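K.L.:
mind folding the following:
(chains A and B)
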Amino acid sequence: MGKLQYALFTGCTAKESTPEQLMSTYAVAKKLDIEIVELTEASCCGASHLQDYDDFLSLVLNARNIAYAEKQGMTMITICNTCQLNTAMTKHRLDNDAKLKARVNEKLKEVNLEYKGTSQIKHFLYAIIDDFGLEKLKAMVTTPLSQFNIAPFYGCHNLRPSELQAGDNPYVPTSLDDLIIACGGANVDYEEKNKCCGFHVELQAPHTAAVLTGNALMGAIDQNADWMVTPCPLCHLKLDTQADHAGKAVGRELEIPVLHMQQMVGLALGCSNEELGLKHHVTDVNFI
Amino acid sequence: MDNNSITTQTITFKVFRFNSETDYLPYYNTIEMEVTSEEVVLDILNRIKWEHDGSFSYRRSCRHGICGACAIKVNGKGVLACKERMNDMIALFGTQLTLEPLSTKRAIKDMIIDKEDFWDKHEEVEPYLVSHIDEHPEMECAVSPAEADALLDSDLCIQCGLCHYSCPVVEVNDAFIGPAAFAKAFRFNADVRDDGVDERIGIINEPGAGVWDCVKCFECAEVCPKEVNPIEKITKLHNQIFERGDALNNVATRHAVGFAHSIKKHGLLDEGELVRYSEGNIGVLKHIPVALKMFKKGKIVLPWDMPKSDNLDEIQKLVKSSSTVKF
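P.N.:
The predicted structure is shown next:
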């Protein structure tokens, strides 16, 4: 097998409110000898909100992002569940509707780009599991996380709708659990692991958002998790920075460190705390 | 294994039991049964009643996936009992299966729930054709195949309640209309014969109750046994609101529009500005405590450090040429 190469669509959050996620992505890629070309031309995916306002514009912008990955001749990897779903959904719609694809390409032609449909789109989590391989990862673990009970939080947009996803069954997902085990940790099973964190209504329906976040944190804490891990920076923002609000909404103090999937892998591979940006968390990562 | 042969497995069922007239709390019966590869979940419900406890109660009628009566949850997954094969349930969850009503807090007796909230929400959206009919038409009111296709299969809904009782917002917010009723609102809004769009948009545009409170978790799309894909219809209703110029000026609408503004300016989303734009200059103040905590941890990019996409001119050109709505 040759060296793995991917075109990275960072999304916006990794460039702003979760810098630790981008740092740890690069740290892990380096350890795993994965080559990453960052798509610095990419725009925001619209985060499932732009399409509510202007569906066609959202398609054009996402098709443009994919076109840049196609230019590299690489699979696009995402590090945000919502970027993943929006991009995969755009690809699905364009690949299955020649007329729509032609309409979108008519616009892209104005900037000398074309959407062809040649690049696959994959969350980094599944690139590690399916392309790199868990056995291989396991063999590289230098610091097994064996003293920790780790609660996986999958995030909706990596699970549903299942026909656009990498293969996890949304009702019994295993990918993140498998990754925890490969890193030497004990995976915690709890009811909310495949449920919604409420991120997308944070502003317009804060109570709903806080209760959903609270349920997720409670679920993990009550099953004796030491910390949580998620592949989605939006879930991370909710669980990490909104724990106070969530606690008030469900009437209980809720504090549990939440790591990005990349940070967990990085810890197991022996990356330093600085490389993984562990000081950028609002709920302190107090166990290292 | 030969696909045509009938196989048998021993399955342990944990069955939710509750009689609202006599029980203070629900409890679970554990029943072990031999299950054949031919059976569906409804067969199991029947056998529990016929072979184990005649008082066990559940709804069922057509046995053909069309009446929507027999929806329950197996290990938390909403299923139409007459359609769901036991083989698939065993493959997914193993040999320990928990049978519960769609909503345990609404249980009346065992699998039977009080669906009043579902029907009330349904009624709210005027789920019927509102049409000013000419009593003496000169020709039939034909709907072309293309016009029928525009319903996007929303007319396939059998009102089983699976999406409604899988929706996390319905669980938290009593006012929320819910995915089934939204799909129904779309079904009639998309009907060329209908004259009730104004009324329905007014209802589903309401903050708290309407489409703006959808968390976009896709539970409804995943669980629907008829592939109605309610969240697709919710997105379409959002689009109708903007296209018709009915968007109210509030946090939710500005939140959607704010993405377009930010992309035009930076390519990427300016997270801080999105919050300010959505909430307004006063509303944004309530986010200051969290923002300060985030700032201390290096999680806030200051306006002058806001990163921009490369080739931003392309993005700006596309935003200009490809925008289809105005706010």
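K.L.:
report the secondary structure state of the closest residue to A:D178 other than its chain neighbours.
P.N.:
Leaving aside its chain neighbours, A:D178 sits nearest to A:L134 (5.9 Å; criterion: Cβ to Cβ, 6 or more residues apart in numbering or on different chains). The way it works is simple: take the backbone N, C-alpha and C, and place the C-beta from them, glycine included. Using DSSP: H, G, I helix; E, B strand; the rest coil as the criterion, the local structure at A:L134 reads helix.
K.L.:
A:L134: how many residues sit nearby?
P.N.:
When neighbours are defined as other Cβ atoms under 10 Å in any protein chain shown, A:L134 has 16 of them.
K.L.:
state the pLDDT value of it.
P.N.:
You'll see A:L134 listed with a pLDDT of 98.
K.L.:
with B:A142 instead?
P.N.:
88.
K.L.:
which residues touch the residue nearest to A:D178?
P.N.:
The neighbourhood of A:L134, defined by Cβ atoms under 8 Å, 6 or more residues apart in numbering or on different chains, consists of A:I128, A:D178, A:L179, A:A182.
K.L.:
could I get those residues as TSV with neighbour count?
P.N.:
Putting these into TSV (neighbours: other Cβ atoms under 10 Å in any protein chain shown) gives the following:
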residue	neighbour count
A:I128	27
A:D178	16
A:L179	25
A:A182	23
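K.L.:
chain B: which of those residues is nearest?
P.N.:
Distances from those to chain B were compared by Cβ to the nearest Cβ; the smallest belongs to A:D178, at 16.8 Å.
K.L.:
my guess is that closest one contacts A:I129. True?
P.N.:
Yes. At 6.7 Å, A:D178 and A:I129 qualify as touching, with contact defined as Cβ atoms under 8 Å.
K.L.:
what are the boundaries of the helices in the chain?
P.N.:
All of this is about chain A. Applying DSSP state H to chain A gives helices spanning A:19-31, A:50-53, A:55-72, A:81-95, A:98-109, A:124-126, A:134-140, A:175-182, A:206-222, A:233-241, A:243-250, A:261-268, A:273-276.
K.L.:
try chain B instead
P.N.:
Secondary structure of chain B, counting by DSSP H: helices at B:41-47, B:86-93, B:116-124, B:145-149, B:168-172, B:179-189, B:197-204, B:219-223, B:230-243, B:251-266, B:271-283, B:288-296, B:312-322.
K.L.:
dump the helices of chain A to TSV, plus distance to B:F56.
P.N.:
Output for the helices of chain A, formatted as TSV (distance: least, Cβ to Cβ, whole Å):
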stretch	distance to B:F56
helix A:19-31	50
helix A:50-53	44
helix A:55-72	47
helix A:81-95	40
helix A:98-109	50
helix A:124-126	42
helix A:134-140	44
helix A:175-182	35
helix A:206-222	30
helix A:233-241	39
helix A:243-250	34
helix A:261-268	44
helix A:273-276	54
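K.L.:
most tightly surrounded among the helices of chain B?
P.N.:
Taking mean count of other Cβ atoms under 10 Å in any protein chain shown as the contact definition, the stretch among the helices of chain B with the greatest mean neighbour count is helix B:179-189, which reaches a mean of 27.
K.L.:
export stretch B:156-175 as CSV, just CAs?
P.N.:
Extracted C-alpha coordinates of stretch B:156-175, given in CSV (Å, rounded to 0.1, in the frame of the first residue of the first chain):
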residue,chain,number,x,y,z
LEU,B,156,-46.9,8.1,1.3
CYS,B,157,-47.1,9.0,5.0
ILE,B,158,-49.2,6.5,7.0
GLN,B,159,-49.2,8.6,10.2
CYS,B,160,-47.7,5.8,12.2
GLY,B,161,-46.0,8.3,14.5
LEU,B,162,-42.5,6.7,14.2
CYS,B,163,-40.8,10.0,13.2
HIS,B,164,-42.8,12.1,15.7
TYR,B,165,-41.8,9.8,18.7
SER,B,166,-38.2,9.6,17.5
CYS,B,167,-37.8,13.3,17.3
PRO,B,168,-35.7,14.7,20.2
VAL,B,169,-37.4,18.1,19.9
VAL,B,170,-40.9,16.6,20.3
GLU,B,171,-39.5,15.0,23.5
VAL,B,172,-38.3,18.4,24.9
ASN,B,173,-40.6,21.0,23.5
ASP,B,174,-44.4,20.4,23.8
ALA,B,175,-45.2,23.2,21.3
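K.L.:
tell me if that stretch is near chain A.
P.N.:
Yes. Against chain A, stretch B:156-175 shows contacts by Cβ under 8 Å from any Cβ of the partner chain at B:P168, B:V169, B:V172, B:N173.
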